[in-house]
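Trainee: mind folding the following:
(one chain, ligands or ions: 1)
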Amino acid sequence: MSEEILLDIRRLSTAFEVEDVIIPILKDITFRIHSGESLGVVGESGSGKSVLAHAIMGLLPSNAQVYNGEIIYEGRDLLKLNPKKRRQLRGDRMAMIFQEPMTSLNPVYTVGSQVVELIRAHRKISKKEALAWAVDIFEKVGIPQSNDFANRYPHELSGGMRQRVVIALAIALSPVLLLADEPTTALDVSIQAQILELIQSLQDNMKMATMLITHDLGVVAGMCRNVLVMYAGQVVETGETEELFKFPKHPYTKALLKSIPKLDQNTEFLETIKGMVPHPQRMPEGCRFAPRCEVAMDQCHREEPDMHSFSEYAGVKCWLYQ
Ligand code: SF4
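Mentor: Coordinates of the predicted model:
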């Protein structure tokens, strides 16, 4: 594939400081996103998916820090930019949709004024021009009668409409990279499908690269060309979605795929992965998945495997393939 590299994450490691204790969260995360690519990031809660997205956006909380690695975006290491430059990129060249729309919107301003403010923070245009721009963006995200709509406050809207406003804010300045962190978690099932359909159509029409974080493998299968599987703060497998779903290699990926309910199987109980994701302060020696892995060998409990690459997109971090 010949698209240029948009985002190049190299050995990214982060930690949180809680009551003078340093807690490592991400370790040596390495992957790339090309222009226009759709990448799904999957893994159980606690795998570090959201921390990864926040680190890329420069939105980690004040007690968190990136202690190693690089985030090269459009050729520049974001970790070397000053806060003002990073703010300029956010919302403009790169944007993020968060899990909970209410926390992304300011309750005391109308939704129109919030989009206008964002546009005017990045473009030198009048309020009137920015409002026309906002109405245009609202229409793009499927909000009818946008002129009236712009005067409403977030609390006057349904959850689905609020998430459409959040998406409008994210795409207002045509970012080249859109990060979506579980964008439908807070919504009813019937609205979830509409929002995912909207993100997919925007992704196709605007040729944005997208990084979709989800625990729903079915969503990734339908929307993402490539997939990255995370476990306990590390990337354990990457690949093209179709190939990886047909021929998963890492025992964790296999277990995740087995736990998806299947309509054509009449089973009483869903398969689950025994045990839990380890606490960041109590990471096991060797392979972090070893205590839960059904095919773990002695070596797995002693030494950590490297990521073994099969191609530009495919790789696996497991002793079975080294
Ligand atoms: Fe299982 Fe060993 Fe592979 Fe880890 S390295 S996933 S424990 S086989």
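Trainee: could you use CA atoms for every contact and neighbour count after this?
Mentor: Noted.
Trainee: now do the residue positioned nearest the centre of the chain against S50, distance only.
Mentor: Per C-alpha atoms, centre = their mean, the C-alpha nearest to the average position across the chain is that of I213, at 3.3 Å. I213 sits 7 Å away from S50, going by C-alpha to C-alpha, to the nearest Å.
Trainee: can you check L212 too?
Mentor: From L212 to S50 the distance is 10 Å (C-alpha to C-alpha).
Trainee: overlap in contacts, I213 and S50.
Mentor: Residues touching both I213 and S50 (C-alpha atoms under 8 Å, 6 or more residues apart in numbering) are D181.
Trainee: tell me the residues on the protein that lie near the ligand, please.
Mentor: 250-251, 287, 289-290, 293, 295-297, 300, 318-320 (C-alpha under 6 Å from any ligand atom).
Trainee: now with 5 Å, please.
Mentor: For the chain, the residues in contact with the ligand (C-alpha under 5 Å from any ligand atom) are 287, 290, 293, 296, 300, 318-319.
Trainee: taking those residues one by one, which sit in helices?
Mentor: C300 (DSSP state H).
Trainee: the residues of the chain next to the ligand: which two are farthest apart?
Mentor: C293 and W319 (11.9 Å; C-alpha to C-alpha).
Trainee: re the thing from before, which one of L212 and S50 has more residues nearby?
Mentor: Counted by other C-alpha atoms under 10 Å, L212 and S50 do not tie: L212 has more neighbours, with 27 against 20.
Trainee: what's the spacing between the more buried one and the ligand?
Mentor: Distance, L212 to the ligand, using C-alpha to the nearest ligand atom, to the nearest Å: 24 Å.
Trainee: and that residue, that one's in a helix?
Mentor: No - counting by DSSP: H, G, I helix; E, B strand; the rest coil, L212 is not part of a helix but strand.
Trainee: surely it and G40 touch.
Mentor: Yes - counting by C-alpha atoms under 8 Å, G40 is a contact partner of L212 at 4.8 Å.
Trainee: quick one, strands of the stretch 201-322 of the chain?
Mentor: 209-213, 226-231, 234-240, 308-309, 315-316 (DSSP state E, counting those that start in this stretch).
Trainee: that older thread, closest to L256 out of the residues of the chain next to the ligand?
Mentor: For those, the nearest to L256 is C293 (11.9 Å; C-alpha to C-alpha).
Trainee: got a list of what that closest one touches?
Mentor: Counting by C-alpha under 8 Å, 6+ apart, C293 touches 251-252.
Trainee: give me the phi and psi for it.
Mentor: phi -80, psi 130 (degrees, to the nearest 10).
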